[in-house]
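Chemist: everything below, folded, please.
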Amino acid sequence: MSKLYLKNARIILADEVIENGTILVEDGVIAAINPASVAGAIEVDLKGKTLMPGMIDLHCDALEKEVEPRPGVHFPMDFAVAQADKRNAAAGITTVYHALSFANEELGIRSNEMAAELVRAVHAWQPHALVENLVHCRYEVTDESGLPVLLELIEQRQMHLLSLMDHTPGQGQFKNMAAYRDYLKRTYRKSDEELDEIVSRKQEAAGTALGRIETLIDRAHACGISVASHDDDSTERVDTMVALHVQISEFPINLETASYAREKGMSTIMGAPNILRGKSQSGSMRAIDGIHAGVVDCLCADYSPAALIVALFRLPELSDLSLADAVKLVTLNPAKAAGLSDRGEIAVGKRADLIAVDFPGGLPQVSSVWVHGVHAYQSSYDHG
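Modeler: So this is what the prediction gives:
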């Protein structure tokens, strides 16, 4: 691979910002910061743009909407994956964990078999992809049929992150039965009879969920896959997850739970759209309150890849975080949570996953992307 020399950049390192800095990339890896010699390198003048590590998104379920943009309307999966890949490149996300629901028609796309087919479509597209597309399998623990499907994906090395969901009414995201039924009816246009059947089946399956959870976690950990818990809403729930050796708490419902999860050694994840909108879509904790309290480790795109870059640059204005610390929420911290030791910061020896950021109209937007040192995306906001 050619040498690449990026110059005249504002470089965001893990703990500081370098003005007018340079980076040398060799064989897809960062070889030097402010090097003395760049003989034979291809030079790229970033003209003062901000250069930071490519973002790592541990949870984005936007791919499901690419497949099914409207209820019952489906695009071919290779088409959908290609579109999601381009969206993530343009958003500056160089490693994306596509969050796909395994909930047997209850959440996400139509069936567990369809979700597994989409997992395989992600892997099939990767040789052509702009960014690194990984798979985050979201398991609804009351779905008995999902366990064998997920175990097979683990054995085939097609799962990279696992999360445990429990959308049983009365806890977590759905505070009561009415909220749960309204969500299903509004989002998936279920009839009252279909809702009755889903609720009855879900409540019956809850009694045997623990055995399935333990089996799945054990298999995931044996294969080096990190495990997350979704919508933790109490210290008791956190204790249960910690006892099961779950390492990540996604979207904790309230500040007390988020604080307790971190106290127990879990990494916490909140959504970037929550930062931009100033509130949760389900009435849970505001992400900015978690930032103020120092209990948020990572930000994810959730359902909007484009929100991530804007949210992180807004954080120094909304909180006491420095720019370097804000950037860690979408780079180094997610890398650590997922066990990715080769990326997440601009440092010698790390993968050259890099993005250049411009500010047209004061809005942070990604103008260039390099993945493993390869130029993957370019956009110009300078029309002068």
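
Chemist: which stretches in the protein count as helices?
Modeler: 62-67, 77-91, 112-125, 146-155, 177-188, 192-205, 209-222, 235-243, 255-263, 272-277, 287-292, 307-318, 323-328, 332-338 (DSSP state H).

Chemist: between those, which one is closest to residue 18.
Modeler: helix 323-328 (10.3 Å; C-beta to C-beta). Backbone N, C-alpha and C define where each C-beta goes, glycine included.

Chemist: so what touches the closest one?
Modeler: 12-17, 52-53, 312-313, 315-316, 345 (C-beta atoms under 8 Å, 6 or more residues apart in numbering).

Chemist: just put those in a markdown table and tack on neighbour count.
Modeler: Formatted as a markdown table, the contacts of helix 323-328 follow (neighbours: other C-beta atoms under 10 Å):
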| residue | neighbour count |
| --- | --- |
| 12 | 24 |
| 13 | 16 |
| 14 | 15 |
| 15 | 11 |
| 16 | 10 |
| 17 | 15 |
| 52 | 28 |
| 53 | 29 |
| 312 | 25 |
| 313 | 20 |
| 315 | 24 |
| 316 | 15 |
| 345 | 20 |
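
Chemist: contact partners of stretch 80-88?
Modeler: Against stretch 80-88 from outside (C-beta under 8 Å, 6+ apart): 57, 60, 62-63, 66-67, 94, 96, 98, 118, 121-122, 124-125, 128-131, 133, 305-306.

Chemist: narrow the residues you listed to just the buried residues.
Modeler: Buried by 16 or more other C-beta atoms under 10 Å: 57, 60, 62-63, 66-67, 94, 96, 98, 118, 121-122, 125, 129-131, 133, 305-306, out of the contacts of stretch 80-88.

Chemist: can you flag the weakest of the helices of the chain by average pLDDT?
Modeler: Within those, confidence is poorest for helix 177-188, with a mean of 54 (mean pLDDT).

Chemist: how much space separates the closest residue to residue 209 other than its chain neighbours from residue 76?
Modeler: The shortest distance from residue 209 to any non-neighbouring residue, by C-beta to C-beta, 6 or more residues apart in numbering, is to residue 141 (4.3 Å). Distance, residue 141 to residue 76, by C-beta to C-beta, to the nearest Å: 31 Å.

Chemist: okay, these two: which has more neighbours?
Modeler: residue 141 (23 against 10; other C-beta atoms under 10 Å).

Chemist: list the contacts of that one.
Modeler: 164, 165, 166, 206, 209, 212, 213.

Chemist: can I get these in TSV with neighbour count and distance to residue 289?
Modeler: Listed next are the contacts of residue 141 as TSV, based on neighbours: other C-beta atoms under 10 Å; distance: C-beta to C-beta, whole Å:
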residue	neighbour count	distance to residue 289
164	23	24
165	24	23
166	22	24
206	13	31
209	19	31
212	21	34
213	21	30
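
Chemist: what's the closest of the residues you listed to residue 238?
Modeler: residue 164 (12.5 Å).

Chemist: correct me if wrong: the closest one contacts residue 232.
Modeler: No. In this structure, residue 164 is not within contact of residue 232 by C-beta atoms under 8 Å, at 9.9 Å.

Chemist: joint contacts of these two?
Modeler: What both residue 164 and residue 232 touch, as defined by C-beta under 8 Å, 6+ apart, is the set residue 241.

Chemist: select, out of the helices of the chain, the one closest to residue 47.
Modeler: Using C-beta to C-beta, these put helix 307-318 closest to residue 47, at 18.3 Å.

Chemist: chain center to the closest one: distance?
Modeler: Its chain's average C-alpha position is 16 Å from that of helix 307-318, according to C-alpha atoms, centre = their mean, to the nearest Å.

Chemist: quick check: residue 166 vs residue 210, distance?
Modeler: 11 Å.

Chemist: ditto for residue 379
Modeler: Counting by C-beta to C-beta, the gap from residue 379 to residue 210 is 49 Å.

Chemist: how about residue 306?
Modeler: For residue 306 relative to residue 210 (C-beta to C-beta), the value is 38 Å.

Chemist: can you check residue 228 too?
Modeler: For residue 228, the distance to residue 210 - C-beta to C-beta - is 17 Å.

Chemist: more neighbours: the two, which one.
Modeler: It is residue 228, of residue 228 and residue 210, that has more neighbours when counted by other C-beta under 10 Å, with 29 against 12.

Chemist: can you pull up the bridge partners for that one?
Modeler: Counting by DSSP bridges, residue 228 forms beta bridges with residue 163, residue 248.

Chemist: residue contacts, it?
Modeler: Contacts of residue 228 (C-beta under 8 Å, 6+ apart): 58, 59, 161, 162, 163, 164, 246, 247, 248, 249, 250, 269.

Chemist: what do you get for residue 133?
Modeler: 81, 84, 85, 88, 96, 98, 122, 125, 126.

Chemist: between these, which is closest to residue 341?
Modeler: residue 96 (18.2 Å).

Chemist: might one say that that closest one is in contact with residue 132?
Modeler: Yes. Look at residue 96 against residue 132 with C-beta under 8 Å: they come within range, at 7.2 Å.

Chemist: tell me what residue 73 is bridged to.
Modeler: Counting by DSSP bridges, the residues bridging with residue 73 are residue 70.

Chemist: buried sites along stretch 46-56?
Modeler: Going by 16+ other C-beta under 10 Å, stretch 46-56 has these buried residues: 46, 49, 50, 51, 52, 53, 54, 55, 56.

Chemist: returning to what we had before: let's have the contacts of residue 228 in TSV, adding pLDDT and distance to residue 237.
Modeler: Compiled in TSV, the contacts of residue 228 are given as follows (pLDDT from 0 to 100; distance: C-beta to C-beta, whole Å):
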residue	pLDDT	distance to residue 237
58	98	20
59	98	18
161	98	20
162	98	17
163	97	14
164	96	10
246	97	10
247	97	15
248	98	14
249	98	9
250	97	12
269	98	15
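
Chemist: perfect, that will be all.
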